[in-house]
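Student: what follows is a predicted protein model with its sequence.
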Amino acid sequence: MHLPVDLRSDTVTRPSAAMREAMASAEVGDDVLRDDPTVQELERRVAAMVGKEAALYVTSGTMGNELALMTHTRRGNEVICGRPCHIQEHEVGAAAILSAVTLVPIDAPTGTMGLDRIHDAIREPDIHHPETGLICVECAHSSGAVQDIAYLESVKALAVEAGLPVHMDGARLFNASIASGVPVDRIAACGDSVMFCLSKGMGAPVGSMLCGTKEFIERARKGRKILGGGMRQAGILAAAGLFALEHNVARLDDDHRLAERLAQALRDVPGLHVIEDQRDINIVWFRLDGERDDEALVKQLQERNVLVFGPSHGQWRLVTHMDLDEEAVEYAVDQLRSVLA
Ligand SMILES: Cc1ncc(COP(=O)(O)O)c(C=O)c1O
């Protein structure tokens with residue numbers, strides 16, 4: 001077991017020696033000039049995996065999502081999305097800043113928006129109305145829930161009928177596929193564009209992928225340059241992405257199993273309630289009974305070598321990842337039990 005036990009996020013993993021080796025030996029070129037072979041290999045491989053024509057390597061999930069909005073929409077458009085979702089809650093209002101669009105959030109605590117609510121949110125043509133430009137879905141949702149494939153397919157069908165594109169924030173797309181058993185390309189087919197992160201459960205130090213048609217990706221490439229996201233010898237980073245896709249996808253199931261072990265142990269802690277209806281991937285949310293000083297609790301755990309974030313709207317989140325094992329999870333639960341006692 002490695003201390004501290006860091007349960008804050010699946011972004012905290014450190015690249016393994018083998019991944020660092022792959023990075024060090026990567027063949028590189030200038031990717032803005034389109035001659036970095038490792039970035040090109042990553043983009044080709046990813047497009048094939050998710051069943052899209054093309055893919056673009058970007059610095060972060062936020063950049064991928066915001067580029068999707070910039071590329072799909074025009075100034076003044078409305079973008080329908082769930083509330084909460086990462087685009088609406090955690091991207092610093094970038095949709096308004098970069099794309100000059102208004103978000104139209106529909107309540108969706110675990111990511112599933114009512115189809116009738118989406119339908120009603122789509123604007124009818126009227127001189128007074130803004131135009132709807134895009135529908136966004138998030139799968140897996142950061143609540144930890146994986147959206148039903150039938151639901152995602154219904155959203156896509158509704159969007160096709162309305163003549164609208166769908167963007168999928170699939171930061172944890174591969175977690176969703178492994179947890180649900182639905183092939184990744186079938187989930188990705190529910191978005192005209194899909195973004196996923198290499199730097200979460202798959203353990204790369206940096207990088208996300210935005211995928212879509214060739215034409216869409218060419219326009220997004222230009223948008224990436226506008227955002228200052230054109231990188232030069234980026235193959236050194238893309239090599240970590242290729243390594244992650246080869247070695248760290250199937251093992252996401254280990255993170256899911258570890259999260260279930262964690263949830264099981266937490267269920268026995270008095271006054272603690274695991275939120276069960278969103279327990280699909282490597283994320284465990286819980287509530288605590290009674291009043292307490294949340295900051296003090298985070299600090300007490302930190303002093304005992306357990307790192308967690310404080311609660312959001314009364315809910316605590318713990319995330320498993322490849323740098324944790326069963327011993328670490330048991331240690332963390334023991335510490336939490338003793339701090340709460
Ligand atoms: C659902 C979701 N989308 C997008 C992102 C953004 O990724 P990044 O932190 O790489 O910008 C995250 C990050 O946690 C996420 O959970």
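Tutor: Received the coordinates, thanks.

Student: in terms of pLDDT, where does the residue of the chain positioned farthest from its centre sit?
Tutor: Distance from the centre of the chain peaks at I127, with 36.7 Å (Cα atoms, centre = their mean). I127 is assigned 97 on the pLDDT scale.

Student: and whatever residue of the chain ends up closest to the ligand, how close does it get to C197?
Tutor: Nearest residue of the chain to the ligand: G61, at 2.4 Å (Cβ to the nearest ligand atom). Bear in mind the C-beta positions are built from the backbone N, C-alpha and C, glycine included. Distance of G61 to C197, computed by Cβ to Cβ, to the nearest Å: 5 Å.

Student: also E89?
Tutor: Taking Cβ to Cβ, one finds E89 at 16 Å from C197.

Student: get me the contact residues on the stretch 1-150 of the chain for the ligand.
Tutor: S60, G61, T62, N65, H86, E138, S142 (Cβ under 6 Å from any ligand atom).

Student: ok, now which ones touch the residue of the chain closest to the ligand?
Tutor: H86, D169, A171, M195, F196, C197, S199, K200, S208 (Cβ atoms under 8 Å, 6 or more residues apart in numbering).

Student: which neighbours do G61 and C197 share?
Tutor: A171, S208.

Student: domains for the protein, by residue range?
Tutor: 5-12+251-340, 17-247 (automatic domain parsing).

Student: on that earlier part again, in helices, which of the residues of the stretch 1-150 of the chain next to the ligand appear?
Tutor: By the criterion of DSSP state H, membership of these in helices covers G61, T62, N65, H86.

Student: ok, and the closest non-adjacent residue to the second one?
Tutor: In space, not counting the residues next to it along the chain, T62 is nearest to E91; the distance is 5.2 Å by Cβ to Cβ, 6 or more residues apart in numbering.

Student: before we move on, what SS does that neighbour have?
Tutor: coil (DSSP: H, G, I helix; E, B strand; the rest coil).

Student: try S338
Tutor: helix.

Student: quick one, helices of the protein?
Tutor: 17-24, 37-50, 61-72, 86-89, 94-99, 115-121, 149-162, 173-180, 184-188, 214-226, 235-247, 252-267, 294-303, 326-340.

Student: which other helices and strands does the first one contact?
Tutor: Contact here means 3 or more Cβ pairs under 8 Å, 6 or more residues apart in numbering; DSSP states H and E; on that basis helix 17-24 packs against helix 235-247.

Student: list of residues touching the helix it packs on?
Tutor: In contact with helix 235-247 (Cβ under 8 Å, 6+ apart) are residues 15, 18-19, 22-29, 31, 36-39, 41-42, 45-46, 49, 57, 198, 202-207, 209, 231.

Student: buried members of those into ChimeraX, please.
Tutor: To isolate the buried ones among those in ChimeraX, judged by 16 or more other Cβ atoms under 10 Å, type:
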select :15,19,22,23,26,28,29,31,36,38,39,41,42,45,46,49,57,198,202,203,204,205,206,207,209,231
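
Student: show me what contacts Q147?
Tutor: G111, T112, V137, E138, C139, A140, H141, A176 are the contacts of Q147 under Cβ under 8 Å, 6+ apart.

Student: can you tell me which of the domains of the chain is packed in deepest?
Tutor: domain 17-247 (a mean of 20; mean count of other Cβ atoms under 10 Å).

Student: ends of that domain, what's the gap?
Tutor: One end of domain 17-247 to the other measures 13 Å (Cα to Cα, to the nearest Å).

Student: what residues does the stretch 201-341 of the chain have near the ligand?
Tutor: Checking the stretch 201-341 of the chain against the ligand by Cβ under 6 Å from any ligand atom, the hits are S208.

Student: L210 against L69, yeah?
Tutor: No: L210 is beyond contact range of L69, at 10.9 Å (criterion: Cβ atoms under 8 Å).
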